[in-house]
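Student: Just need the structure, nothing else, for what follows:
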Amino acid sequence: MTHVLDSLLSLSGVPVYAVVGSLAFMEAALFVGLVLPGETALFLGGVLAGQGRVSLVVLLAVAVLAAVAGDSVGYEVGRRGGPALKASRLGRMVGEQRWARGEDHLARRGGSAVLLGRWVGVLRALVPAVAGMSRMPYRRFLAYNAAGGTLWPVTVVLLGYFAGASFRKVEAYLGRASLLLLVVLVAVATVVAVARYLARHPDRVAAAGRRVRSAAAVRWTEGVAASVLARVSRRAGAVPAFSLGVVAALVAAAVLAMGFAEVLDNVLDGNGVALLDRPVLEWLAAHRDDEVTVAMQALTAVGGPVLLPLLALAGAGVLRWRTGSWAPAGLVVLTAAGSGAITLAGKHLVGRARPAMELAVAGEGGFSFPSGHSLNSLAIIGVLAVLAARATLSWSRRVWIGAGTGVLVALIGLSRLYLGVHWLTDVLAAWLVGGVWLIAVLGLWRYSGMRDRVRGEMPDRVHGEMREA
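Tutor: Numbering: from 1, shown residues only. All right, here's what the predicted structure looks like:
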């Protein structure tokens, strides 16, 4: 980031006017604003003006003229292109949702949409063309376009101008925290994008599931599992429907258990993934920032010995009230007790010291392996999420419950590393063994008859929801 900013800020004179004017013009004229917002160039131009590299007055004039002219060209493209523009290759690249957003904005707000759309990147690029397609009178469009095309660039350039003196401080802040924040934001955005797709396409998910179940290898595995489970349980009528899920759960538990064993072996021998422990903490310590530290401390408190038990008790109480049975609440308590016992046993059996004080924000007592915050949050929040998902008929809600749970548990684990109170392998081992424990308690819940007793006791409305779920 520092290299890119230095390259941009090395410009002066005419090249600055050319870059700022070109991007401000092409935002709506060529729809460049969909991928490269013009305010970036305007703000950096203002910074350069604040440093005396260009004239503020000339820069403002160039920015205003380019913005108004670009929108006028965008209006003309929309007026002449009409529906053919949307059907063209460029229109398809823009996407139906973006076109719909611009049309809806213009339909609801009329001429003021041209002015207000100036402050939203997507609308700034599309509203002029949509206004031309809808045959808005050009004089009316020009009036709003001139107002927005003046207020928006002047505001952004002046922000950069007055920030010029302190820009290096902002750059230093971004240089410390930006990479970590970028990684986190990209990861969260990826989870949100996948969850959004799954939530909006339940039919495709169901079709994919049917294709998996119809595969020859899966059918053979399901048949073998059904035969074995039928002999063991002597409940042949109930087992086959669950056998594939049982096999998947057992395989997942086995993989997680083997992963935990490998991490534990690396920790004891000081090799493998354990070699990354110190470099990861040293990098995070070098990229800490006060504001991010506060956020991480809040996240770590959610998985701590105070808030997490309160969350478990609150969840157990809600489940008792909603289902009319103590069984789901008992499952939450069992999960919490088991994860706590696993944490204590692991810490005392391995006896691993915590990271050195120079790597930590604040010292914590006790042993390090595994991370109790990471293990307990995965198990407790995970079981609450599963029970909450079973209590709703909405596929999209189930998807978002799962996505939200995964993001929260991951951030709690990251907070332990960021604060320097656990090694990377502490957190990885906690997630692995926590996953095994979560699968175990859910398996107990599913096959011990506890669900059947709950169904017989809960209110009719909840009974129907749980049956369908």
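
Student: use CA for all of it now, contacts and neighbours both
Tutor: OK.

Student: Which residue is the nearest non-sequential neighbour of Val157?
Tutor: Nearest non-adjacent residue to Val157, counting by CA to CA, 6 or more residues apart in numbering: Gly46, 4.4 Å away.

Student: And the host helix or strand of that neighbour, what does it pack against?
Tutor: Counting by DSSP states H and E, the element that carries Gly46 is helix 39-50. Counting contacts by 3 or more CA pairs under 8 Å, 6 or more residues apart in numbering; DSSP states H and E, helix 39-50 packs against helix 2-9, helix 14-29, helix 56-81, helix 138-163.

Student: which residues of the stretch 301-450 of the chain fall in helices?
Tutor: In the stretch 301-450 of the chain, the helices defined using DSSP state H, counting those that start in this stretch lie at 307-323, 327-350, 372-390, 395-418, 424-447, 450-457.

Student: Highest mean neighbour count out of those?
Tutor: helix 372-390 (a mean of 24; mean count of other CA atoms under 10 Å).

Student: gap between it and the chain center?
Tutor: 18 Å (CA atoms, centre = their mean, to the nearest Å).

Student: Sketch out the low-pLDDT regions of the protein for me.
Tutor: For the chain, applying pLDDT under 70 flags the ranges 1-11, 27-39, 82-126, 164-182, 218, 222, 225-246, 291, 447-469.

Student: what's the domain layout of it?
Tutor: Domain assignment for the chain by automatic domain parsing gives 2-174, 201-468.

Student: where does Val212 sit relative to Pro202, distance-wise?
Tutor: Distance from Val212 to Pro202, counting by CA to CA, to the nearest Å: 15 Å.

Student: dump the residue contacts of the residue most central in space within the chain.
Tutor: The residue lying closest to the centre of the chain (CA atoms, centre = their mean) is Val188, at 1.9 Å. When the contact criterion is CA atoms under 8 Å, 6 or more residues apart in numbering, the partners of Val188 are Val407.

Student: what's the neighbour count on Val280?
Tutor: 15 (other CA atoms under 10 Å).

Student: mind checking which helix or strand it is in?
Tutor: Going by DSSP H and E, Val280 is in helix 277-286.

Student: Figure out how far that helix is from the centre of its chain.
Tutor: Worked out by CA atoms, centre = their mean, helix 277-286 lies 23 Å from the chain centre.

Student: contact partners of it?
Tutor: Helix 277-286 is contacted from outside by Arg176, Leu359, Ala360, Leu417, Tyr418, Leu419, Gly420, Trp423, Leu424, Thr425, using CA under 8 Å, 6+ apart.

Student: ok, now stretch 334-349?
Tutor: Contacts of stretch 334-349 (CA under 8 Å, 6+ apart): 309, 312, 367-372, 375-376, 379-380, 383, 434, 437-438, 441.

Student: do that again at 6 Å, thanks
Tutor: Phe367, Phe369, Gly372, Asn376, Ile380 (CA atoms under 6 Å, 6 or more residues apart in numbering).

Student: buried stuff in stretch 153-160?
Tutor: Residues Pro153, Val154, Thr155, Val156, Val157, Leu158, Leu159, Gly160 are the ones in stretch 153-160 that count as buried (16 or more other CA atoms under 10 Å).
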